[in-house]
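Engineer: okay, structure incoming, though there's no sequence with it:
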């Protein structure tokens, strides 16, 4: 059976909940209250959904100089996938509270591991419940999986030195943060405000319309204009900590523009070294 690789609509997933090859992962998370998302999942969830905590399951907190949500090493990530019951043939569906800002991180992690059958639930939990689709309030035992292997494609992940070299060669760096944070007018999360010199701003919210992803045609037109003739492989995306930038990567993939890279440390990783330049304004 062909797999979903970018998005799946709630109505379509609702008809496929009995598929034996399906693993659904709830990624709801709040930076203001890291316990909130898991508590919400415990109360109610898409039937069968397991839970992925951004800081516990999708990051390796404590790695110096790599931002607020350091990209994890492969072994603990594979262990988590096995615990959730993911196998090489599993169709994975990821979702969060609504806009996909958190769940897109897991989408990209699986994609760069070579697991292409992974899709984001368009509109997330908000749209699922607004449509009156089934929810579960009882816990069920997940059987787990005995085998899944893989490694992250290092060519899709770059560090601060690679970003600096990329910009020096005329590459494009796209920052997915809100305009106010990019310009340095406000910074609620990191100790220094501003952006990497040479970066341009494409807030991830621009990928959405009424809480759902824009059509592939519209996304393609917008990103091609932004890229200005550059190939996607000449593009690096970033955000505050390497999470919401994955939303732009998913949008580009949906638009048929494959191969852009992620600066995993992003802004919080960039400013960990006080010698790196910072600018403010547009």
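Structural biologist: Structure received. Everything numeric here is computed off the predicted structure, so don't read it as measured data.
Engineer: just the helices from the stretch 1-150 of the chain, written as ranges.
Structural biologist: Counting by DSSP state H, counting those that start in this stretch, the stretch 1-150 of the chain has these helices, from start to end: 10-14, 36-43, 74-84, 103-112, 124-130.
Engineer: let me have those in a markdown table, extended by distance to residue 4 and mean pLDDT.
Structural biologist: Heads up, the C-betas are built off the backbone N, CA and C, glycines and all. Below are the helices of the stretch 1-150 of the chain laid out as a markdown table (distance: least, C-beta to C-beta, whole Å; pLDDT from 0 to 100):
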| stretch | distance to residue 4 | mean pLDDT |
| --- | --- | --- |
| helix 10-14 | 8 | 98 |
| helix 36-43 | 22 | 97 |
| helix 74-84 | 17 | 94 |
| helix 103-112 | 11 | 98 |
| helix 124-130 | 15 | 98 |
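Engineer: distance to residue 230 added to these, as JSON lines?
Structural biologist: Converted to JSON lines, these look like this (distance: least, C-beta to C-beta, whole Å):
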{"stretch": "helix 10-14", "distance to residue 230": "34"}
{"stretch": "helix 36-43", "distance to residue 230": "36"}
{"stretch": "helix 74-84", "distance to residue 230": "30"}
{"stretch": "helix 103-112", "distance to residue 230": "20"}
{"stretch": "helix 124-130", "distance to residue 230": "31"}
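Engineer: pick the most buried one from these.
Structural biologist: helix 103-112 (a mean of 26; mean count of other C-beta atoms under 10 Å).
Engineer: what's the worst-scoring helix or strand of the chain on mean pLDDT in contact with?
Structural biologist: The least trusted helix or strand in the chain, going by mean pLDDT, DSSP states H and E, turns out to be helix 74-84, with a mean of 94. Outside helix 74-84, the residues that touch it by C-beta atoms under 8 Å, 6 or more residues apart in numbering are 23, 25, 50, 52, 57, 60, 109, 113, 142, 144-152.
Engineer: relative to residue 239, how far out is the residue nearest the centre of the chain?
Structural biologist: With distances taken as C-alpha atoms, centre = their mean, the chain has residue 105 as the residue nearest its mean C-alpha position (2.2 Å). The spacing between residue 105 and residue 239, counted by C-beta to C-beta, to the nearest Å, is 10 Å.
Engineer: how about residue 3?
Structural biologist: Plainly put, residue 3 is 27 Å away from residue 239 if you go by C-beta to C-beta.
Engineer: ok, these two, which is more surrounded?
Structural biologist: Shown here are residue 3 and residue 239; by other C-beta atoms under 10 Å, residue 239 has more neighbours (29 against 15).
Engineer: which residues touch the closest residue in space to residue 63 that isn't next to it in sequence?
Structural biologist: If you skip the residues right next to it in sequence, residue 63 has residue 70 as its closest partner in space, 3.9 Å away by C-beta to C-beta, 6 or more residues apart in numbering. If you count contacts by C-beta under 8 Å, 6+ apart, residue 70 has them with 59-63, 264-265, 269.
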